[in-house]
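> Next input, structure requested:
(one chain, ligands or ions: 1)
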Amino acid sequence: MDKLDDMPEDITNLIQGYRKFRKQYFSEPNSTFEDLVRLGQRPKILMIACSDSRVDPAIVMNCEPGELFVIRNVANLVPPFEDDLSYHGTSAALQFGICGLGIRHVILFGHTQCGGIQALLEQTPETCGHKGFIAKWMELAKPAHEAVLQYHADVSLEKKNTLCGQYSLINSLRNLKTFPWIAERVADGSLSLHAWNFDLNKGMIEVLDQEQNYFKELKEGNDTEEAENLQLRV
Ligand SMILES: [Zn+2]
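Below is the predicted model of the structure:
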């Protein structure tokens with residue numbers, strides 16, 4: 001077994017965090033975790049976020065264990081419903097959350113400066129010397145890339161990244177509705193779909209107005225305020 005003294009610094013930092021976590025959640029009787037173990041998890045919110053280390057939804061939203069059911073993948077993409085025998089990790093987690101746990105809200109959680117979106121915009125060659133996973137996965141956001149090329153060709157690369165991420169959220173919202181058990185729940189009002197974008201520069205979340213295709217700043221109390229954003233062309 002590893003001795004703590006022999007651990008590299010990266011890992012010892014993790015272990016210090018783990019100690020704090022245990023002290024916070026397991027040192028007192030009747031802790032949050034006792035209920036979560038006894039009653040099981042019952043989150044009402046499912047978030048789909050990017051794997052990017054800066055955008056952990058539980059940290060950004062200051063959530064407690066048990067509050068959020070989180071799916072993370074490159075560029076927080078949702079594939080369309082495909083009834084085949086492939087390995088669909090994101091779809092499986094969606095099905096478990098929505099059909100198994102009774103999730104009431106699905107929040108797509110995009111962010112600015114996304115590396116996955118950047119790879120799509122720049123057509124970055126695959127890392128590790130192999131063609132494969134990233135480019136194939138990012139094909140899901142192709143409609144977003146096409147919208148940026150068509151409507152926003154003159155803006156800076158950084159702005160293109162932001163816009164492409166926002167169009168991609170709209171595309172993922174559409175894909176969510178291709179899952180029959182999502183469409184049914186949205187239709188009967190038991191499930192709501194949301195698209196939020198986290199601006200890393202401003203430290204601000206912007207929310208998609210799904211009727212106007214416009215991102216507005218998220219305010220406390222669920223109010224939103226118009227930010228200086230373009231109306232997206234869909
Ligand atoms: Zn990202």
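> after the helix or strand encompassing Phe198 comes which helix or strand?
Element membership of Phe198 [criterion: DSSP states H and E] is strand 192-199. As assigned by DSSP H and E, the chain's next helix or strand after strand 192-199 is strand 204-209.
> And that next one, what does it pack against?
Judged by 3 or more C-beta pairs under 8 Å, 6 or more residues apart in numbering; DSSP states H and E, strand 204-209 is in contact with helix 157-176, strand 192-199, strand 214-218. Yep, even glycine has a C-beta here, placed from its N, CA and C like the rest.
> Report the angle between the strand holding Phe198 and helix 157-176.
170 degrees (axes from the mean of the first three to the mean of the last three C-alpha atoms, to 10 degrees).
> anything in strand 192-199 near the ion?
No: applying C-beta under 5 Å from the ion, one finds strand 192-199 out of contact with the ion, separated by at least 9.7 Å.
> and for that strand, what are the contacting residues?
Defining contact as C-beta atoms under 8 Å, 6 or more residues apart in numbering, one finds that strand 192-199 is touched by 55, 60, 104-112, 162, 165-166, 169-170, 172-173, 176-177, 182, 186, 204-208, 210, 215, 218.
> Show me where the protein has its helices.
Taking DSSP state H as the criterion, the chain contains helices spanning 9-26, 32-39, 57-60, 89-95, 115-122, 133-138, 142-151, 157-176, 180-187.
> Now tell me what touches the fifth one from outside.
Same thing as helix 115-122. Helix 115-122 is contacted by residues 50, 52, 74-75, 77, 124, 134-135, 137-138, 141-142, 144-145, 148, 157, 160-161, 164-165, 168 when judged by C-beta under 8 Å, 6+ apart.
> same thing but at 10 Å, please
Applying C-beta atoms under 10 Å, 6 or more residues apart in numbering, the external contacts of helix 115-122 come out as 50-52, 73-77, 110-111, 114, 124-127, 134-135, 137-142, 144-145, 148-149, 157-158, 160-168.
> Show me which of those are buried.
50, 52, 73-77, 110-111, 114, 134, 137-138, 140-141, 144-145, 148, 160-168 (16 or more other C-beta atoms under 10 Å).
> where does this protein come near the ion, residue by residue?
50, 52, 114.
> ok, now with 6 Å
50, 52, 75, 111, 114-116 (C-beta under 6 Å from the ion).
> mind putting these in JSON lines, distance to Gln24 and pLDDT included?
Formatted as JSON lines, these follow (distance: C-beta to C-beta, whole Å; pLDDT from 0 to 100):
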{"residue": "Cys50", "distance to Gln24": "27", "pLDDT": "98"}
{"residue": "Asp52", "distance to Gln24": "25", "pLDDT": "98"}
{"residue": "Ala75", "distance to Gln24": "32", "pLDDT": "98"}
{"residue": "His111", "distance to Gln24": "27", "pLDDT": "98"}
{"residue": "Cys114", "distance to Gln24": "31", "pLDDT": "98"}
{"residue": "Gly115", "distance to Gln24": "32", "pLDDT": "96"}
{"residue": "Gly116", "distance to Gln24": "33", "pLDDT": "96"}
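> for those, which one is nearest Glu9?
Of all the residues of the chain next to the ion, Glu9 sits closest to Asp52, with 22.4 Å by C-beta to C-beta.
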